[in-house]
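>>> what follows is a predicted structure for the sequence shown.
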Amino acid sequence: LDGWAYEQTIPFEGPTPLNEYQAQITLDTTFDYANAAADGADLRFVDAEGNVASYWIQKWDPQGTSVIWVRVPLKNTRSIDLYYGNPEAEAASNAHDTFDFFDDFNVPDAGGFGFNSGTRHRSRDINDTTGSKYYQRWTVQKGTFDIKDGTLRNWFGDEGGGDTITIDPVVSRPGYAIRSRVLENYQWTYPIMLLGWQGDFFTNDQGQERPDNYYFDQLNVADQKMYLRKFVNGVATTLAEKSVSSLELSKWYIWELRWESTSKLSAELWGDDGKSLATFTATVGEGWTTGQYGFRGIRGVSNTIFDDVFVRKYFAGTAYDLTPLPPQAPRLLEPTNQDIVNAIPKLTWEANSAAVNYTIDLRDKNGAIVSSSGKLTPFTTTKAFLDIPASALKKDGTYTWRVRVKTKTGLSDWSETRKFTLDTEKPEKPQFIS
């Protein structure tokens with residue numbers, strides 16, 4: 001690699017099982033730290049085909065062990081070349097490019113703000129060198145969360161459990177794993193990492209609505225245990241459990257929940273120093289093949305804290321079809337459903353950062369497509385809004401609209417259909433009687 005003075009071949013334990021597979025690399029004190037940038041900014045990873053791989057430095061420690069994740073481009077790769085020793089090189093560590101999803105909650109407005117049940121939060125909006133943006137979105141399903149000091153926290157959870165938040169841009173499915181750092185500040189708060197959530201709820205004996213139908217990993221410092229469990233039709237079942245005698249409150253841990261196959265889950269817990277503390281597996285039989293990732297916190301103020309969340313491919317001997325799924329349907333913003341407007345409205349919806357274009361299906365009360373092209377074809381745009389041309393809406397009346405998005409991974413379903421009524425006729429001037 002031109003401009004780099006040093007090269008070292010890093011062998012893998014076995015050939016990478018999939019394309020774009022995230023492999024973990026560790027560098028101990030035998031690595032030539034003296035000739036690399038002080039913070040590892042000049043590292044580059046290149047495979048035998050000359051492909052430069054994306055990577056993320058999770059931990060950089062010249063006096064100990066450094067941990068780096070590399071997104072290896074091709075399957076059956078047995079080693080990768082590490083280049084270093086270029087004082088002119090700019091930092092290239094980028095977790096967003098390395099993982100299928102990543103969020104470290106380091107947002108410009110960090111310092112404490114909450115978002116409540118039913119709301120969505122865009123926790124990352126950073127321009128990269130190509131001008132595109134990363135959007136990591138979360139939806140609070142129950143309760144309240146906040147982002148403070150670069151972490152995600154449940155906030156004012158109700159007694160008995162309830163704060164639940166899910167990831168929007170990616171869905172969980174066999175062949176993937178979710179990992180994060182976790183800290184429990186108060187016993188009996190039960191930090192929970194979930195996957196496969198089907199979007200269902202049930203009402204318990206106290207009349208409280210709770211998420212239902214999902215698999216989850218649960219940490220319990222008070223009991224000194226870690227559990228693999230499932231909620232199905234309002235009933236919680238323990239699938240496996242593991243004693244972990246070294247668990248402490250107010251201490252960071254790293255955990256990972258893996259959906260190895262439609263019939264198998266596994267989980268692992270590490271100390272924040274990377275030392276493995278527990279690992280175990282469980283058999284499941286619900287037949288689920290997809291669902292949402294998320295987290296739950298039980299009670300109190302900021303008692304359960306999460307950080308450095310990422311989703312990666314996980315191979316356990318079965319080569320699943322990991323072709324990216326089509327995008328989710330856009331969420332419509334304005335105008336609201338059944339709105340009455342006195343001027344031609346701007347149609348707006350929530351942006352998808354990977355959008356190639358959007359298609360807008362706008363129809364009059366008779367179901368005829370509204371278009372300014374004269375060809376009766378839907379509008380298309382690359383923006384997350386549509387300024388309807390005045391020539392397209394010539395008459396007052398009721399109209400319906402819906403949107404779908406196209407990305408490199410496919411075409412989404414249509415969004416919900418909304419109605420608005422255009423009424424531009426000015427009311428009669430009031431008459432003065434006496």
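Noted; the coordinates are in hand. From a predicted model like this one, the values you see are computed outputs, not experimental measurements.
>>> beta partners for S276?
Note on S276: beta-bridge partners W270, judged by DSSP bridges.
>>> and it, how many neighbours?
10 (other C-beta atoms under 10 Å). For the C-beta atoms, the positions are set from N, CA and C on the backbone; glycine is no exception.
>>> mind checking how far D272 is from W252?
Distance from D272 to W252, counting by C-beta to C-beta, to the nearest Å: 4 Å.
>>> list the buried residues in whichever strand or helix holds K419.
Taking DSSP states H and E as the criterion, K419 maps to strand 418-422. Neighbour counts using 16 or more other C-beta atoms under 10 Å place 418, 420, 422 of strand 418-422 among the buried residues.
>>> quick one, what contacts the residue nearest to A53 when sequence neighbours are not counted?
Closest residue to A53 apart from its sequence neighbours, by C-beta to C-beta, 6 or more residues apart in numbering: F45 at 4.3 Å. F45 makes contact with 10, 52-53, 55, 70, 80-83, according to C-beta atoms under 8 Å, 6 or more residues apart in numbering.
>>> most widely separated two among the residues you listed?
Greatest spacing in these, by C-beta to C-beta: I10 and V52 (14.4 Å).
>>> neighbour count for the two, which is higher?
Neighbours were counted for I10 and for V52 using other C-beta under 10 Å; I10 has more, 16 against 13.
>>> next structured bit after the helix or strand hosting the more buried one?
When elements are assigned from DSSP H and E, I10 belongs to strand 6-11. Toward the C-terminus, strand 6-11 is succeeded by strand 21-27 as the next helix or strand (DSSP H and E).
>>> so how far is that following strand from its chain's centroid?
Offset of strand 21-27 from its chain centre (C-alpha atoms, centre = their mean, to the nearest Å): 21 Å.
>>> find the nearest non-adjacent residue to T382, please.
In space, T382 is closest to N357, 5.2 Å off (C-beta to C-beta, 6+ apart).
>>> give me the phi and psi for the one you found.
Dihedral angles of N357 (phi, psi; degrees, to the nearest 10) stand at phi -160, psi 170.
>>> who does it form a beta bridge with?
Counting by DSSP bridges, N357 forms beta bridges with K406.
>>> likewise for G297?
Under DSSP bridges, the residues paired with G297 across the bridge are D163.
>>> please apply the same query to K148.
Bridge pairing for K148 - DSSP bridges - gives T151.
>>> near it, how many residues? Count them for me, please.
K148 - counted by other C-beta under 10 Å - has 17 other residues nearby.
>>> and the strands in the stretch 201-350 of the chain?
209-212, 214-220, 225-232, 235-243, 252-261, 264-271, 276-283, 292-297, 300-313, 332-334, 339-341, 346-349 (DSSP state E, counting those that start in this stretch).
>>> okay, and the beta partners of the most centrally placed residue in the chain?
Nearest to the mean C-alpha position of the chain, counting by C-alpha atoms, centre = their mean, stands I167 at 4.3 Å. Beta-bridge partners recorded for I167 (DSSP bridges): W138.
>>> low-confidence stretches in the stretch 1-150 of the chain?
Applying pLDDT under 70 to the stretch 1-150 of the chain flags residues 107-136.
>>> how about the helices in it?
95-98 (DSSP state H, counting those that start in this stretch).
>>> rewinding a little: what lines up beside the strand holding K419 in the sheet?
With DSSP bridges as the test, strand 418-422 is paired with strand 339-341 (parallel), strand 397-407 (antiparallel).
>>> other residues contacting that strand?
With C-beta under 8 Å, 6+ apart, strand 418-422 has contacts from 332, 335-342, 344-345, 393, 395-402.
>>> let's see it at 10 Å
Residues from elsewhere that reach strand 418-422 (C-beta atoms under 10 Å, 6 or more residues apart in numbering): 332, 334-345, 347, 362-365, 388, 393, 395-403.
>>> likewise for stretch 269-280?
Identification of contacts with stretch 269-280 by C-beta under 10 Å, 6+ apart yields 24, 26, 58-59, 64-65, 67, 179, 181-183, 217, 219, 225-228, 239-248, 251-256, 258, 265-268.
>>> recalculate using a threshold of 8 Å.
So stretch 269-280 is contacted by 59, 65, 67, 181, 219, 226, 228, 240-244, 246, 251-255, 266-268 (C-beta under 8 Å, 6+ apart).
>>> from the chain's centroid, how far away is the strand holding I10?
Distance, centroid of strand 6-11 to centroid of chain: 32 Å (C-alpha atoms, centre = their mean).
>>> with stretch 176-190 instead?
With C-alpha atoms, centre = their mean as the basis, stretch 176-190 stands 17 Å off its chain's centre.
>>> now swap in stretch 412-425 and tell me
Its chain's C-alpha centre and that of stretch 412-425 lie 29 Å apart, by C-alpha atoms, centre = their mean.
>>> pLDDT below threshold where in the stretch 251-400 of the chain?
Looking at the stretch 251-400 of the chain by pLDDT under 70, you get 299-302, 317-325, 372-376.
>>> one more time with 80, if that's ok
Residue ranges of the stretch 251-400 of the chain with pLDDT under 80: 298-303, 316-326, 353-354, 371-377.
>>> which among the contacts of stretch 269-280 count as buried?
The neighbour-count test (16+ other C-beta under 10 Å) applied to these identifies 181, 219, 226, 228, 241-242, 244, 253-255, 266-268 as buried.
>>> make TSV out of the residues you listed and add distance to G291.
TSV is the format used below for the buried ones among the contacts of stretch 269-280 (distance: C-beta to C-beta, whole Å):
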residue	distance to G291
R181	23
L219	21
M226	21
L228	16
E241	22
K242	24
V244	27
Y253	24
I254	23
W255	18
S266	17
A267	16
E268	20
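>>> quick one: which of those is nearest I433?
Closest approach between the buried ones among the contacts of stretch 269-280 and I433, by C-beta to C-beta: R181, at 72.7 Å.
>>> so the closest one is in which element?
Going by DSSP H and E, R181 is part of strand 176-184.
>>> list the pairing partners of that strand within its sheet, with orientation.
Assessed with DSSP bridges, strand 176-184 is paired to strand 252-261 (antiparallel), strand 300-313 (antiparallel).
>>> any chance of the ones you listed in JSON lines, plus distance to G410?
Converted to JSON lines, the strands paired with strand 176-184 look like this (distance: least, C-beta to C-beta, whole Å):
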{"stretch": "strand 252-261", "distance to G410": "22"}
{"stretch": "strand 300-313", "distance to G410": "19"}
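>>> nearest to A92, out of the ones you listed?
strand 300-313 (17.4 Å).
>>> how about that closest one: buried residues?
Across strand 300-313, burial judged by 16+ other C-beta under 10 Å covers 300, 302-313.
>>> in contact with the closest residue to Y186 other than its chain neighbours, which residues?
With sequence-adjacent residues excluded and distances taken as C-beta to C-beta, 6+ apart, Y186 is closest to N303, at 4.4 Å. N303 makes contact with 153-154, 157, 184-186, 189, 297 under the criterion C-beta under 8 Å, 6+ apart.
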